[in-house]
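S.K.: Sequence first, predicted model second:
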Amino acid sequence: MHDNTVERQCLEVDIACVGFGPASGGFLTTLSRGLTEAQGEFESSAMPGLPPQVVCYERADDLGFGVSGVVTRATAIRETYPDLDSASIPMTAPVTSEKVVYLLDPIGASRRGLAVRFADAMLRGLRFVFRVRDEAFTLPFIPKFLHKDGGLVLGIGQFHQWVASQLMAEAQVQLWPGTPVAEPLIEDDAVVGVRLVDQGTDLKGEPDVGYLPGMDIKAALTVVADGPVGPIGRKLDEHFGLPEGHERRDWAVGMKLVVDLPEDCALEPGTVLHTMGYPEPEVFGFLYVNQPGLASLGIFVPSSLDSPVRASYRYLQHWMQHPYLWKHLKGGKLRSWGAKTLQESGRQGEPHLVGDGYARIGEGSGSTNILTNSGVDEAWATGAQLAEAVLELLKSKQPFTRDNLERTYVKRRRESTLDKESKVAAKARVGFRRGFVRGVIGTGLTGLTRGRLNAPGGLGTKHREIKTLAEHFKGRIPASEIERIEAEASASQRPLQDVYMDRVGWPAIPFDGELLVSHQDALLLGGKVQAPPGYADHVVFLDPAACAACETKPCIAICSGQALTLGGEDGVPLFDREKCIHCGACQWSCPAPRQPGHDAAAIALEAGAGGLHSAEN
Amino acid sequence: MTDGFHIVVCGSLVPDPIQTLEPVPGGDRPALKNEAMLPSVLDPWAGHALYEAAHLAAKTPGSKVWLVSLGPKAQLQQLMMRVAQKVPFELVALDGPASGFTDSFEVAVALAQAIEGIDGLDRSRLLLFGGCASASRDAGVTVQMVGERLGIHDQFLAVDELKVEDGGSIRVLERVEGGRYLASVCEGAPLVAAWATGSLPEPPNSPQVGMQNMRTIMPALAKAGPATLGGEGTTWLTAEVPQQRRETRVVKDSSADEIAQEIVTWIKG
């Protein structure tokens, strides 16, 4: 935690934006154009005589180090860039074909319920009728709500770089990567700015060589765009709470690779494949071809997978080797790797969008459409809407109060197509809390009836109800063996999740050193994970006793970079910052709430520097 | 005593050294595979020179620092977002390739011309800083040629320390063979210092410094002229990176001695 007794330097600006992603891209681009068109009409309050001072602070070391392979309808993005030429952005292609594919389990190791097993048996039995090939059934049609007709396949890292270069050329806003923001500055329930993280500290945050207390950035408006697990959004939620009836309990970690496809691969640029059913029914997959010979592909491991062994990387490798995909990927080469958390509560997870001195945009503001599985364009739209509101308030010389932001930004958002669609989608995922089959049926019901009918279900604590190892492996691994496996894995330092997956029948990965590489090699080859010195550890254990008492420790299994391991003397997991990619999955996977019935976890992802060093995402 | 130095640092971007770099045949010279997609960093040796320059300027009233960078304009723009918060400087930008597949002489000519064109530069007070090597190509000759073209005869290579003494003379420590230093003293500016690593850590990010720098960086980028690097008379025969062999194991709680012994055993085969 920051020491409030330390004297800190202070910088005054007009607008401070936290996080550079699609939402802030939309915000800053629209605002920047508005400021240019105003031709000096607006004056900075913080620095009289100058134009409004707008700064954006991004945690990652560069603006292109976002992690996402994206297919998007790009409606809002095209509204901002009507003449957008996809050829001018690397890894971008117009969507040319789409398929949704159900993958059977060719190994027999996945955990499938009765209904799924029945469906599998039917598909196999009637394989000629259903045209099952390569252990996969291609859906004969794609519901309209899932289509991305006319959309784009994007590499989000490259898209961010392109947007940043456009912004830099306009020179109306300042973008500062490598600058993590620690916390919002709140005075009398108004946000008056942000505090940057302390530099020159040891791992515990204590002053060390070159200590520089994080500067206070005072701003009339703080724009919170720090994504689904950003510390500023989280701290605002902790301070202000969520609106009545809202909750954030559906999450997923998306893990992906960028792959050089083998020379004989016939997949065309713009190809979009979505899969479900394997390696576990709840795990969804995607493959998007960005340009000739280059594809983004990966899986989503959701919180509805109520397993303590959410081993994303291992699952990703099995998914790639499914016959339906492997025929395209065999002989390919890993170029980039990464993972991020997705907030999948959508509108149900919407926080207070505005307050005195702040506004929230993007994924952290609940903009993701959980029916159409899209978030980038929606995030962009929220940013553009806020910028229009800001320009309106600047023009009328009105302050950024809650009322004024409600009247301008929130009103625009509520009247937009984005909002109408998010209402339709609000309950699209609730079925997944009661299993894969109900989830799929529920999503279909929501989509086909435009939200009039949904799967039953509502507020719940599903993600806090991760089964114990004994419950999860009941009938597959005796409880006594679980104890022995844990002891052996702890002694050998072997990742526990791998041991369990081996034990329940998942075959060993035939590493080829090119595409199938060890988890640590993925960090080295594909992610180039970095952790600069001089910053405190950003994953903190807020309730060590709860962590020590936690039997399942799902934070370790789901950790995208194997940065969390068993072995701490006090029973608390060990954290190795040099492997952390800031995905935040540990935070939402934590089954040990700090207070009974409360969502705040015993582990927290704070602001920190470093992480992935690849823009090929 | 001195009235302050005019310190010009020559330094530009290189592809982030932790990326996988793969030379591929280009038109008239090799190129890097996916060069446009690779993130860039300030050349680490140029970084040392820049931080030493800023440190010296801060200690010597009346001093000023310019950073002269030759690189693709769009990538320079990106780079400045990462560098500008570090130390105060004024940017002089030249638009041209920076992949390492350029002729050092041509680069030196372009840099020297840019330095000669800096408004208000007092060449009698000039300290020309650069890296003694480069992460894109370990030749390290460019800054010497820039110095020669500017008529600066006091040149120091692989510098780790530069101190201004009471009388205004400058004492320089240069790395020489055998892990030793050659200590030299010269009367003062102008001089060329091609820095090794120096002794300063990378400065923390300062938002105030960033905002101050940005006011001059954006206009400098806007007026960056093209650098003529035709490569006339240069023929590129081959370009390749050293072969790597990677064997990754996760090992914990090993002592430094054990790790060293294992490396020795591995090297001996």
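M.R.: Noted; the coordinates are in hand.
S.K.: Up against chain A, what does the stretch 151-269 of chain B have?
M.R.: Neighbours of chain A within the stretch 151-269 of chain B, by C-beta under 8 Å from any C-beta of the partner chain: B:201, B:203-208, B:210-211, B:214, B:218, B:221-222, B:246, B:248, B:250-252. Glycine gets a C-beta too; all of them are placed from N, C-alpha and C.
S.K.: With only the CA atoms kept, save the longest strand belonging to chain B in PDB.
M.R.: Using DSSP state E, we find that the single longest strand of chain B is strand B:155-164. What follows is strand B:155-164, C-alpha atoms only, in PDB (Å, rounded to 0.1, in the frame of the first residue of the first chain):
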ATOM      1  CA  GLN B 155      37.500  11.200 -29.000                       C
ATOM      2  CA  PHE B 156      37.000   8.700 -26.200                       C
ATOM      3  CA  LEU B 157      35.700   5.200 -26.800                       C
ATOM      4  CA  ALA B 158      34.000   2.800 -24.400                       C
ATOM      5  CA  VAL B 159      33.600   5.500 -21.800                       C
ATOM      6  CA  ASP B 160      32.300   4.600 -18.300                       C
ATOM      7  CA  GLU B 161      32.900   7.900 -16.500                       C
ATOM      8  CA  LEU B 162      33.300  11.500 -17.500                       C
ATOM      9  CA  LYS B 163      34.000  14.100 -14.800                       C
ATOM     10  CA  VAL B 164      34.400  17.900 -15.100                       C
END
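S.K.: how far away is the residue nearest to residue A:288 when sequence neighbours are not counted from residue A:98?
M.R.: Using C-beta to C-beta, 6 or more residues apart in numbering or on different chains and skipping residues adjacent in sequence, the residue nearest residue A:288 is residue A:153, 4.4 Å away. Distance, residue A:153 to residue A:98, using C-beta to C-beta, to the nearest Å: 10 Å.
S.K.: and if you look at residue A:345?
M.R.: 26 Å.
S.K.: between these two, which one's more packed in?
M.R.: More crowded of residue A:345 and residue A:98, by other C-beta atoms under 10 Å in any protein chain shown: residue A:345, with 23 against 17.
S.K.: Pull the number of nearby residues for the residue lying closest to residue A:190 once chain neighbours are set aside.
M.R.: Nearest residue to residue A:190, sequence neighbours excluded (C-beta to C-beta, 6+ apart): residue A:356, at 3.7 Å. For residue A:356, the neighbour count with other C-beta under 10 Å is 18.
S.K.: do residue A:136 as well
M.R.: 22.
S.K.: Could you pull up the residues touching the most centrally placed residue in chain B?
M.R.: Nearest residue to the geometric centre of chain B (C-alpha atoms, centre = their mean): residue B:46, 1.9 Å. Residues counted as contacts of residue B:46 (C-beta atoms under 8 Å, 6 or more residues apart in numbering or on different chains) are B:9-12, B:130-131, B:134.
S.K.: and the closest residue to chain A within the stretch 151-269 of chain B, how many neighbours?
M.R.: Nearest residue of the stretch 151-269 of chain B to chain A, counting by C-beta to the nearest C-beta: residue B:204, 3.8 Å away. For residue B:204, the neighbour count with other C-beta under 10 Å is 19.
S.K.: Can you classify it as helix, strand or coil?
M.R.: coil (DSSP: H, G, I helix; E, B strand; the rest coil).
S.K.: Can you give me the pLDDT of it?
M.R.: Here, the pLDDT recorded for residue B:204 equals 91.
S.K.: try the one 3 residues further on
M.R.: Residue B:207 is assigned a pLDDT of 92 by the prediction.
S.K.: What is the neighbour count of it?
M.R.: 22.
S.K.: ok, now which ones touch it?
M.R.: A:11, A:55, A:176, A:179, A:196, A:215, A:217, B:85.
S.K.: So how do I select the buried members of those in PyMOL?
M.R.: Typed into PyMOL, the line below selects the buried ones among the contacts of residue B:207, using 16 or more other C-beta atoms under 10 Å in any protein chain shown:
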select buried, (chain A and resi 11+55+176+179+196+215+217) or (chain B and resi 85)
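S.K.: In a markdown table: the contacts of residue B:207, plus distance to residue A:238.
M.R.: Putting the contacts of residue B:207 into a markdown table (distance: C-beta to C-beta, whole Å) gives the following:
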| residue | distance to residue A:238 |
| --- | --- |
| A:11 | 25 |
| A:55 | 25 |
| A:176 | 26 |
| A:179 | 23 |
| A:196 | 19 |
| A:215 | 23 |
| A:217 | 20 |
| B:85 | 29 |
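S.K.: and the contacts of residue B:207, which of them are in strands?
M.R.: Short answer: the contacts of residue B:207 in strands (DSSP E) are A:11, A:55, A:176, A:196, A:217.
S.K.: Just the closest of those residues to residue A:483, please.
M.R.: Checking these against residue A:483 with C-beta to C-beta, the nearest one is residue A:196 at 46.1 Å.
S.K.: Could I get the full set of strands for chain B?
M.R.: Under DSSP E, chain B gives strands at B:6-10, B:13-15, B:23-24, B:31-32, B:40-42, B:64-71, B:90-95, B:126-131, B:155-164, B:170-176, B:180-186, B:191-195, B:225-226.
S.K.: Given the first one, what are its sheet partners and their directions?
M.R.: Read that as strand B:6-10. Strand B:6-10 pairs in its sheet with strand B:64-71 (parallel), strand B:126-131 (parallel), by DSSP bridges.
S.K.: Quick one: mean pLDDT over the last one.
M.R.: Averaging the model's pLDDT scores along strand B:126-131 yields 96.
S.K.: same deal with the first one?
M.R.: Along strand B:64-71, the predicted confidence averages to a pLDDT of 96.
S.K.: how about that strand as PDB, C-alpha atoms only?
M.R.: Only the C-alpha atoms of strand B:64-71 are listed here, as PDB (Å, rounded to 0.1, in the frame of the first residue of the first chain):
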ATOM      1  CA  LYS B  64      21.300  21.700 -22.600                       C
ATOM      2  CA  VAL B  65      20.800  18.200 -24.100                       C
ATOM      3  CA  TRP B  66      19.700  17.400 -27.700                       C
ATOM      4  CA  LEU B  67      18.800  13.800 -28.800                       C
ATOM      5  CA  VAL B  68      19.500  13.400 -32.500                       C
ATOM      6  CA  SER B  69      17.600  10.300 -33.800                       C
ATOM      7  CA  LEU B  70      17.500   8.700 -37.200                       C
ATOM      8  CA  GLY B  71      14.700   6.200 -37.600                       C
END
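S.K.: which residues are in contact with it?
M.R.: The contact list for strand B:64-71 (C-beta under 8 Å, 6+ apart) reads B:4-13, B:40, B:50, B:53-54, B:57, B:76, B:79, B:83, B:87-98, B:107, B:110-111, B:114-115, B:118, B:121, B:227.
S.K.: starting at the chain centroid, how far to it?
M.R.: Centre-to-centre, strand B:64-71 and its host chain are 10 Å apart (C-alpha atoms, centre = their mean, to the nearest Å).
S.K.: any chance you could map the helices in the stretch 1-150 of chain A?
M.R.: Using DSSP state H, counting those that start in this stretch, the helices of the stretch 1-150 of chain A run over residues A:22-38, A:75-80, A:114-125, A:127-130.
S.K.: Most tightly packed of these?
M.R.: Ranked by mean neighbour count under mean count of other C-beta atoms under 10 Å in any protein chain shown, those are led by helix A:22-38, which reaches a mean of 24.
S.K.: Please report the average pLDDT across that helix, rounded to a whole number.
M.R.: Mean predicted lDDT for helix A:22-38 stands at 97.
S.K.: Is chain B within reach of that helix?
M.R.: No: Helix A:22-38 does not reach chain B (C-beta under 8 Å from any C-beta); its nearest approach is 12.4 Å.
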